[in-house]
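Trainee: quick one, structure for this:
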Amino acid sequence: MRAGYRRRVLVRRLATLLALGCLALLAACTPTIGTEPAADAADPACAPVMLALPDVVAGDLERTKVTAQATAAWGDRGAAVTLRCGVEQPPPSPDCQRFDSPNGTVDWVVEENDEGTWRFTTYGREPAIQVTVPPTVTEGHSTSFIVDLTSAIDLIPATRQCT
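Mentor: A predicted model of the protein is given here:
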């Protein structure tokens, strides 16, 4: 009877170790989005913004791991929205648009390139923040989710507004 008990305990311990090993492997396989830090990514004003960013944008794009400081990403590799804090402040532009939400107002310089990638760069905030939305995302989502970022972006005070 004693040998049977020891065998059951050993089997349970091995099963537990196996389960923990599988969890560790799954965590290691979590996708990571390669991102490039902005020139001023070390600006202390970026830290509270990064901590306040939402876990989900556009209703179903979940935040994922990134490789660089003061960056964030939502979605899958090759089809992810990326954010970088500490980019160069854009000059005044006719492409500056104000986005209002219940959480505040953010002015963005909005650009679309020939490949269909959208780039939103905050205007009048230092450090500036840039959000890039590839065409693989805009095929199934509106870019209006940019207002989901307002409460985090608003942690950097606005010093200028779109004219």
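Trainee: domains in the protein, by residue range?
Mentor: Residue ranges for the domains of the chain, per automatic domain parsing: 1-30, 32-153.
Trainee: with respect to burial, which of those domains scores highest?
Mentor: domain 32-153 (a mean of 17; mean count of other CB atoms under 10 Å). The C-beta positions use only the backbone N, C-alpha and C, and glycine is treated the same way.
Trainee: can you get me the start-to-end distance on it?
Mentor: 23 Å (CA to CA, to the nearest Å).
Trainee: and D60, how far from G124?
Mentor: With the distance defined as CB to CB, to the nearest Å, D60 ends up 31 Å from G124.
Trainee: which one of the domains of the chain has the lowest average pLDDT?
Mentor: Ranked by mean pLDDT, the domains of the chain bottom out at domain 1-30, with a mean of 49.
Trainee: circling back to that earlier point, would CSV of the domains of the chain with distance to Q161 be doable?
Mentor: Output for the domains of the chain, formatted as CSV (distance: least, CB to CB, whole Å):
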stretch, distance to Q161
domain 1-30, 40
domain 32-153, 6
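Trainee: can you give me the helices for the protein?
Mentor: 2-28, 46-52, 135-138, 150-153 (DSSP state H).
Trainee: what's near enough to touch the closest residue to F145 other than its chain neighbours?
Mentor: What sits nearest to F145 in space, not counting adjacent residues and going by CB to CB, 6 or more residues apart in numbering, is A58, at 3.9 Å. Contact partners of A58, counting by CB atoms under 8 Å, 6 or more residues apart in numbering, are W74, V81, V137, H141, S142, F145, D148.
Trainee: look up how far E126 lies from the fifth one.
Mentor: Note on S142: its distance to E126, by CB to CB, is 29 Å.
Trainee: repeat that for the third one.
Mentor: V137 sits 27 Å away from E126, going by CB to CB.
Trainee: please apply the same query to the first one.
Mentor: Note on W74: its distance to E126, by CB to CB, is 24 Å.
Trainee: please consider this matter closed, and thank you.
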